[in-house]
Structures are given as structure tokens and as C-alpha cells.
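Chemist: need a 3D model of the sequence below.
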Amino acid sequence: MILYSRRRFTQTASAAVFSSLALARETPAADAKMPVCVFNKPLQHLNYEEQANLVAEMGFVGIEGTVRTNGHVTPERVKKDLPDQIKALRKNGVEMTLMTTDINNTDDEVHRRVLETAASLGVTQFRMGSIKFTFDRPIQEQLDEIKVTFEKLVDFCQPLGIQPLYQNHAGVGRFGAALWDVYEVIKGYDPNDVGIAFDIRHAVVEGGQSWPTEFHLLRPWFGFVYCKDFEWEDGNQKPSNVPLTTGQVDYPLFFKTLEKSDYTGPISLHMEYINRKDPMLLDESIAAIKADKKNLDALIRG
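Modeler: Now for the predicted structure:
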């Protein structure tokens, strides 16, 4: 395990790379402050070239690209398809700023191949797969096992120069939903080696008004910030995704908190309130992404 006594992580290097991309494309000044990429799941109906051109046209610095089961790149075809996708992105002046995967261990040969291929292509961060608790044995016992999982993953990724990020996600039995459990696992690590994709939507669903506590607890490990919004469906305890800034997340407060914490790293915009599996809704999805980005840019500018 890499001890936390090593140098503390900052976002300066990644922010500088993304900022230079943004400036080269004459994107809004907001992107230079907190560069914005887009989760490409709603855009998987497009081919790599079409998607890259559209993402650049919309003013994003890149994509959070899916390399997983049912992803835009499937793990079994990663050696063939991922180079093609990244070539198309770079041709249009954008990058794969984050790779989203099913990976939470390196025991699987396909998982190792995905990480090795991505790292060789210059991808420096990836989102891990989700981990779930079971309720038929002690949670602490499972946390100890998760610590071993993280240790093996970090040991494999560190020489490759690719950083695992774990997303906090709301839901029954999900490791990371409360965020305190993630802290217990990663508190001994240098944030250069493992980090958090901090999802404010899921933090508010699970934590309500307490999210600033979890924010500050895990802030040193922020590798990415995810932005999306939700409403409680019919007043019941079921969250339903809605356009950015129209739901329960207090985005003005969140961005004030981000700014006070000196976060200048990347943001990923997640548009999840239109059926992303329906190709007939692609135009509607694109319009929604553009509207959300406009609101996000305004928040970043303050």
C-alpha cells in the first residue's frame, strides 16, 4: 500500500493539459478554470468520428468514454477499437479525459488488457466498476476485502501511470454510497495513486444536507467531479433525474464550495434524464446536453 505521507495530489497538471486543449479550440474561459468533458453514454449511437466532431463542436475538452460491457468500446475489442476512438478524438482536438470501466480488480486478463491499452494511448484516469455489499455477513469483513482489492489494483496501475477513481453512487448495498466507507479504504493512499469521482447528485441523494461533510473529508482525493441533478419522484424516496440546476442539488452552493476548496480539476457532465438507449431520441439528447453545458458554464464562471 502506498502511504499518504508521500506528496499530496493536486489537479494542476491535468488542469493545464485540459486548459490548453480548451484554449486551442477557443472554448469558453470557464473550461480553462474547470475543464468540462461529457459522459458519452448518450452519444454511443454515433460512430467515433461523428461523436468526436460533435463533442468538439459543443465546446467540451473531451469525453468520459465507456470501455465496458455495452460500452462504446467493448473490453474484448479494446486493442482494435480504443486506438480508433482516441485517434478520432485527437483529430478533432479533444481527448478521452476519463475512461469508464467495469474494472475493480486485475485478476481478469481482459481487465488487464483494457488498462494496459488505455495507458499506452495516454489515458491517465479511469472510473472503476461498482462494488456492492451483501447483508449475510459483517460489513467490516467486506471492507477488509475491498481494501485488498484496492491494494492490488493500485499496485497494478501505478507503474502504468493510470489512476483508478471510484464513483460514489446512491443505492442499497452500494459501497461508496455513504462516502465514509470509501474514506476508510483509501485514507492511507497518496491521492496520486487512487482517487474519487465525486458525484454531487448521488452525494445529495444519500447525504441530504450533510454532503459538505463528506465533500471536505474526501476532497484531497478528488480526481474528477460529476455534475447531474435529480428530483424526488412524486414526493417518494425515489430519485428521478432532471436537467441540471432544476432539481434538489444546490448547485450555487456546491460551486462556491468547490471554489473555496481550490478545486480546478476536470468536471464530467452527465445527462441522464432522456432514454439514452433509444437512438430515436439522439437529437433530443444532444439538445439536452447543450442546455446542461450552458448552465454548467454559467456556474463555473460564477
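
Chemist: all contacts plus neighbour counts: C-alpha atoms, from now on.
Modeler: Fine.

Chemist: for stretch 239-246, buried residues please.
Modeler: Across stretch 239-246, burial judged by 16 or more other Cα atoms under 10 Å covers 239, 241-245.

Chemist: now swap in stretch 172-180 and tell me
Modeler: Buried residues in stretch 172-180 (16+ other Cα under 10 Å): 175-179.

Chemist: got it, and stretch 65-79?
Modeler: 65-68, 71-75, 78-79.

Chemist: restricted to helices, list those residues.
Modeler: Among the buried residues of stretch 65-79, DSSP state H puts 78-79 in helices.

Chemist: dump the buried residues of stretch 65-79 into CSV; add distance to Thr97 and pLDDT as well.
Modeler: Shown next, in CSV, are the buried residues of stretch 65-79 (distance: Cα to Cα, whole Å; pLDDT from 0 to 100):
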residue, distance to Thr97, pLDDT
Gly65, 8, 98
Thr66, 11, 98
Val67, 13, 98
Arg68, 16, 97
Gly71, 16, 96
His72, 15, 98
Val73, 15, 98
Thr74, 18, 97
Pro75, 18, 97
Val78, 17, 98
Lys79, 18, 98
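
Chemist: quick one on the thing from earlier: with pLDDT and secondary structure added, can I get the buried residues of stretch 172-180 in TSV?
Modeler: Below are the buried residues of stretch 172-180 laid out as TSV (pLDDT from 0 to 100; DSSP: H, G, I helix; E, B strand; the rest coil):
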residue	pLDDT	secondary structure
Phe175	98	coil
Gly176	97	coil
Ala177	97	coil
Ala178	95	coil
Leu179	97	coil
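
Chemist: return the member of the residues you listed nearest to Ile162.
Modeler: Gly176 (21.1 Å; Cα to Cα).

Chemist: the closest one and Gly93, how far apart?
Modeler: 34 Å (Cα to Cα, to the nearest Å).

Chemist: if I pick Gln125, what's in contact with it?
Modeler: 97-99, 162-165 (Cα atoms under 8 Å, 6 or more residues apart in numbering).

Chemist: residues contacting the nearest residue to it once chain neighbours are set aside?
Modeler: Nearest residue to Gln125, sequence neighbours excluded (Cα to Cα, 6 or more residues apart in numbering): Gln163, at 4.6 Å. Shown in contact with Gln163 (Cα under 8 Å, 6+ apart): 124-126, 154, 157, 192-195.

Chemist: could you work out the end-to-end span of stretch 128-139 for me?
Modeler: 20 Å.

Chemist: no, scratch that, I was asking about stretch 84-100
Modeler: 17 Å.

Chemist: so which residues of the stretch 151-300 of the chain form helices?
Modeler: Ranges of helices in the stretch 151-300 of the chain, per DSSP state H, counting those that start in this stretch, are 180-186, 200-207, 211-218, 251-260, 282-301.

Chemist: ranking those helices by burial, who's on top?
Modeler: Ranked by mean neighbour count, the helices of the stretch 151-300 of the chain are led by helix 200-207 with a mean of 23 (mean count of other Cα atoms under 10 Å).

Chemist: now that helix and helix 211-218, what's the angle there?
Modeler: Between helix 200-207 and helix 211-218, the angle comes out at 110 degrees (axes from the mean of the first three to the mean of the last three Cα atoms, to 10 degrees).

Chemist: still on that earlier bit, name the nearest of the buried residues of stretch 172-180 relative to Gly207.
Modeler: Ala178 (7.0 Å).

Chemist: so what's that closest one closest to, chain neighbours aside?
Modeler: Glu206 (6.4 Å).

Chemist: what do you get for Glu214?
Modeler: Leu179 (6.4 Å).

Chemist: which ones are touching the spatially most central residue of the chain?
Modeler: The centre of the chain sits closest to Ala197, judged by Cα atoms, centre = their mean, with a distance of 4.9 Å. By Cα under 8 Å, 6+ apart, the contact set of Ala197 is 127, 165-168, 222-226.

Chemist: most neighbours among those residues, please name it.
Modeler: Neighbour counts for those peak at Gly223, which has 29 neighbours (criterion: other Cα atoms under 10 Å).

Chemist: how close does that residue get to Ser261?
Modeler: 13 Å.

Chemist: likewise Ala119?
Modeler: From Ala119 to Ser261 the distance is 29 Å (Cα to Cα).

Chemist: more neighbours, those two?
Modeler: Regarding Ala119 and Ser261, a neighbour count based on other Cα under 10 Å identifies Ala119 as having more, with 19 against 13.

Chemist: secondary structure class for the more buried one?
Modeler: helix (DSSP: H, G, I helix; E, B strand; the rest coil).
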